[in-house]
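[1] Just to be clear, the model below is a prediction. Sequence and coordinates:
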Amino acid sequence: MSRIGVVTFPGTLDDRDAARAVRLAGGEPVSLWHADADLHGVDAVVLPGGFSYGDYLRAGAISRFAPVMTEIVDAAHGGLPVLGICNGFQVLTEAHLLPGSMIKNDHLHFVCREQVLSVENVDTAWTRDYAQGERITIPLKNQDGQYVADERTLDELEGEGRVVFRYLDGNPNGSRRGIAGISNARGNVVGLMPHPEHAVEAGFGPDGAQGPRSGTDGLRFFTSVLTALVG
Ligand SMILES: NC(=O)CC[C@H](N)C(=O)O
């Protein structure tokens, strides 16, 4: 059974939900601590949501220097699948595994809602179980969710198909070009602001592709990586 590491920093909130999502998808979650100096042989890593180090300085700016991140950055360059969800996405940009930055939502308020997204690239380790262009609904909850990058970087991301998710039915935070999530060039590292791990169990997540109150549109992130690992 594939072992998926779930990292806990001081201030992480969603590590338990991420571990549960891994388990429901059929994987074995392995807890990784911010101070760990090795990855305990995991096959992939999830950086969950929350407020690591209290979002001091800038969300993700301190976590980037945690010992576990040194290992994750090295392993990601070697092809290890890494998923950053919300605060995890912020950590990935701060660690330069993904380009661009996350700044305050344009309206300067915390947002918490059910968010519709389009899946625009199914050639990544974390999206292969979705259909190209599929519409999914998962929760969004953050204050620093506005994705920004210079025009050249944005053009490059678009040109290389690395915009993996885009907001539909309105842009909730002013993100450039409605970008909700991106990948690295190789497709093993993916980051997004909305939370797939909160939409993995029937009856508990938002309405999704499977019909009213199905609530499982996020589960295929986790089945995707398990398939990618065996395939
Ligand atoms: N849900 C989260 O992970 C919150 C992320 C982040 N700290 C923010 O509020 O922007």
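    It's in.

[2] Going by C-alpha atoms from here, please, whenever you check contacts or count neighbours.
    Noted.

[3] Who does the residue nearest to the spatial centre of the chain form a beta bridge with?
    By C-alpha atoms, centre = their mean, the chain has its centre lying nearest to residue 85, at 2.9 Å. For residue 85, the beta-bridge partners under DSSP bridges are residue 192.

[4] Kindly report the same for residue 113.
    residue 140.

[5] Tell me the spatial nearest neighbour of residue 122, not counting adjacent residues.
    Closest residue to residue 122 apart from its sequence neighbours, by C-alpha to C-alpha, 6 or more residues apart in numbering: residue 128 at 4.7 Å.

[6] residues touching the one you found, list them.
    122, 224-225, 228 (C-alpha atoms under 8 Å, 6 or more residues apart in numbering).

[7] Please narrow those residues to those residing in helices.
    224-225, 228 (DSSP state H).

[8] If you rank the contacts of residue 128 by neighbours, which is first?
    residue 225 (29 neighbours; other C-alpha atoms under 10 Å).

[9] going on from the strand or helix carrying residue 136, what's the next piece of helix or strand?
    Using DSSP states H and E, residue 136 sits within strand 135-142. Going down the chain from strand 135-142, the next helix or strand is strand 146-148, by DSSP H and E.

[10] Show me what counts as buried in that following strand.
    For strand 146-148, a neighbour-count test (16 or more other C-alpha atoms under 10 Å) marks 146-148 as buried.

[11] and if you look at stretch 127-140?
    For stretch 127-140, by 16+ other C-alpha under 10 Å, it's 127-130, 135-140.
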